[in-house]
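1. For reference, the sequence and a predicted model appear below.
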Amino acid sequence: LADWDDSVIASASYVVNAPVAAPVFSPGGGYYSVAPQNVSITSSTPGAEIRYTLDGSEPNQLTGLLYDGTPIAVNQYTRIRARAYKADHVDSSISQAEYFFMTANPVLNPAAGAYPGAIAVSMASSTPGASIRYTVDGADPTPTSGIVYDGNPIDITQSSTLRAIAYRDGWMSSNVVIPSYVINGPVNAPQFSIAGGDYYSAFNVGITTLPSNAVIYYTTDGSDPSESNGFIYNPATPVPINVNTVLKARAYLFNWQPSPISTAIYNLFTRPVTFNPVAGTYSSAQMVTLSSITPAARIWFTTDGSDPVIDVSAEYDGTPINVATDMVIKAIARVDGWYPSAITSAAYIINIPLPQVVTPLINPPSGVYTAAVDVSISTTTPDAQIWYTRNGPDPTPLNVTLHTDPGFRVDTNTVVRARAYKDGFVVS
């Protein structure tokens, strides 16, 4: 400024610090079967202070617990929330981790199975401090229902199914274990891997029973299996079901009563016949093929709308059916030893459009002429008749002149209209 001395130089320094890094828990939240889990909390920001809560509330510098570096012993369900702080820094975001503890399933000794006499079953869980409840009436036990296991073995004097659960305060309960004990009873009824019913393809059926070392006898002709009738089942070779079958099975084991007879009835149905192309209206003749997705199926068909009869109607040999006129095809399929398919049908309407007569050509073409001209009219459609008018309406066979060679002379202003006709053709 004129007539003024310069001012002293002023300066200022600004440091912008990034937010404090969010706390990290180790081990992280999750499901655990061992307690305690000693959880440490760290922040990658040097010198940061961490505060945390265990009651689900948000930590802050006034209410949170100051983490001093000592791992937090977590012995039951806990939700830890933590935030890191540092002077002249933006506070970190809140990190949280939930810790769940799973009670180990009860282990029963002896294990489920078949036994020749009464047994005493003990129960234990590998989770320290866990309690066990059980039932023998088929109801699932819970931490509040069922018989409390007091450590004394349970006497099993007849075939029984136990259900047991282990639990501990602050922990998630174990799964309900369901061991079955067979005492001097029959071998369990054989189970088929595929239930009896209606099917549309061949398959193999496995057979199992308990105890697994029992010998299974089976039949496929509907007769009752026994140690003197039927086949011995080999688990490596499932029973093929490739025709309609009544499968029966019974299991035997030394010093056990034979199992009840298990029965499964398998009905195999042939898939319906499909048509290609499908039914519909077409503008040209069609070559129709018949097929069934059931392998080796034989097909019988009719083309007169009547229902086909197996072994009586025409048998389809794979040659396409020529459909040149309206036709209804009906078909039925069957595999030997299977039930036949339902009858399927396809209606074809063949609507071949008539050809059109080619538009007549008038020669010479329209124009202005200085002298009379000889006009001829022609069409490239063979044998077509041409009708025309001179300064008249559109030509029809009722109001016009039939054109004949060599044509006609035009010596005045004239408008010629022409149209060609032919039987079996669309008029031009």
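-> Arrived safely, thanks for sending.
2. what comes into contact with the helix or strand hosting A333?
-> Assessed by DSSP states H and E, A333 sits inside strand 327-334. Residues outside strand 327-334 that contact it (Cβ atoms under 8 Å, 6 or more residues apart in numbering): 270-273, 275, 288, 290, 292, 294, 297-308, 310, 316, 321, 323, 340-348, 350. Where C-beta positions appear, they are placed from N, C-alpha and C, glycine not excepted.
3. Please, a PyMOL command that selects the buried ones among these?
-> A single PyMOL command selects the buried members of the contacts of strand 327-334 (16 or more other Cβ atoms under 10 Å):
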select buried, resi 270+271+272+273+275+288+290+292+294+297+298+299+300+301+302+303+308+316+321+323+340+341+343+344+345+346+348
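4. In helices, which of the contacts of strand 327-334 appear?
-> Where the contacts of strand 327-334 are compared with helices, as defined by DSSP state H, there is no overlap at all.
5. Show me the contacts of strand 327-334 that map onto strands.
-> For the contacts of strand 327-334, membership in strands holds for 275, 288, 290, 298-302, 321, 323, 344-348, 350, with DSSP state E as the criterion.
6. Y181: how many residues sit nearby?
-> Counted with other Cβ atoms under 10 Å, residues neighbouring Y181 total 23.
7. Note down every partner strand of the host helix or strand of it and its orientation.
-> Element membership of Y181 [criterion: DSSP H and E] is strand 180-183. Taking DSSP bridges as the criterion, strand 180-183 pairs within the sheet with strand 113-115 (parallel), strand 160-161 (antiparallel).
8. Check the ones you listed for me and report the most buried one.
-> Taking mean count of other Cβ atoms under 10 Å as the contact definition, the stretch among these with the greatest mean neighbour count is strand 113-115, which reaches a mean of 17.
9. ok, then the element right after it?
-> Next helix or strand after strand 113-115 toward the C-terminus (DSSP H and E): strand 119-124.
10. thinking again about what came up before, closest one to P393 out of the ones in strands among the contacts of strand 327-334, please.
-> For P393, the nearest member of the ones in strands among the contacts of strand 327-334 is I350. The distance, counting by Cβ to Cβ, is 37.3 Å.
11. which residues touch that closest one?
-> Contacts were defined as Cβ under 8 Å, 6+ apart; by that measure I350 touches T281, Y282, S283, S284, A285, Q286, V323, A324, T325, D326, M327.
12. Who's the closest spatial neighbour of the fourth one, skipping the chain neighbours?
-> Spelled out, it's S284. For S284, the nearest residue in space outside its immediate sequence neighbours is I352; the separation is 6.2 Å by Cβ to Cβ, 6 or more residues apart in numbering.
13. ok, and that neighbour, which helix or strand is that part of?
-> Of the helices and strands defined by DSSP H and E, none includes I352.
14. pLDDT wise, what is it at?
-> Each residue has a pLDDT score; the one for I352 is 83.
15. just T274 next, same as before
-> For T274, the pLDDT comes out at 97.
16. nearest residue to it other than its sequence neighbours?
-> For T274, the closest residue by Cβ to Cβ, 6+ apart turns out to be S291, at 5.7 Å.
17. burial of the one you found, as a residue count?
-> The local packing count at S291 equals 16, with neighbours defined by other Cβ under 10 Å.
18. That one and V312, how far apart?
-> Taking Cβ to Cβ, to the nearest Å as the measure, S291 and V312 are separated by 21 Å.
19. about what we covered before: what about the strands paired with strand 180-183, which gets the closest to G206?
-> strand 113-115 (20.5 Å).
20. Please pull up the helix or strand immediately following the helix or strand containing I132.
-> Under DSSP H and E, the secondary-structure element containing I132 is strand 131-135. Downstream of strand 131-135, the next assigned helix or strand under DSSP H and E is strand 147-148.
21. Pairing partners for the following helix or strand past that next one, with directions?
-> Note on strand 147-148: by DSSP H and E, the next helix or strand toward the C-terminus is strand 154-156. Take DSSP bridges as the rule and strand 154-156 pairs in its sheet with strand 119-124 (antiparallel).
22. Enumerate the positions of the partner strand that are buried.
-> With burial defined by 16+ other Cβ under 10 Å, the residues of strand 119-124 counted as buried are I119, V121, M123.
23. Quick one: residues contacting the nearest residue to the first one once chain neighbours are set aside.
-> The reference is to I119. Excluding its sequence neighbours, the residue lying closest to I119 (Cβ to Cβ, 6+ apart) is I156, at 5.1 Å. Contacts for I156 were tallied using Cβ under 8 Å, 6+ apart; they are Y115, A118, I119, A120, V121, Y181, I183.
24. Apply 10 Å and report the result again.
-> 110, 115, 117-121, 136, 162, 179, 181-183 (Cβ atoms under 10 Å, 6 or more residues apart in numbering).
25. again, but for P355
-> Residues in contact with P355 (Cβ under 10 Å, 6+ apart) are T381, K422, G424, F425, V426.
26. out of the residues you listed, which are buried?
-> T381, K422, F425.
27. There's contact between P360 and A418 in this structure, I believe.
-> Yes. Judged on Cβ atoms under 10 Å, P360 makes contact with A418 at a distance of 4.3 Å.
28. Who does I72 form a beta bridge with?
-> Bridge pairing for I72 (DSSP bridges) gives the partners V39.
29. List the contacts of the helix or strand of the chain with the lowest mean pLDDT.
-> Every helix and strand of the chain was ranked by mean pLDDT, DSSP states H and E. The lowest is strand 401-402, at a mean of 75. Judged by Cβ under 10 Å, 6+ apart, the contacts made with strand 401-402 from elsewhere in the structure are Q385, I386, W387, Y388, T389, R390, G392, P395, F408, A418, Y421.
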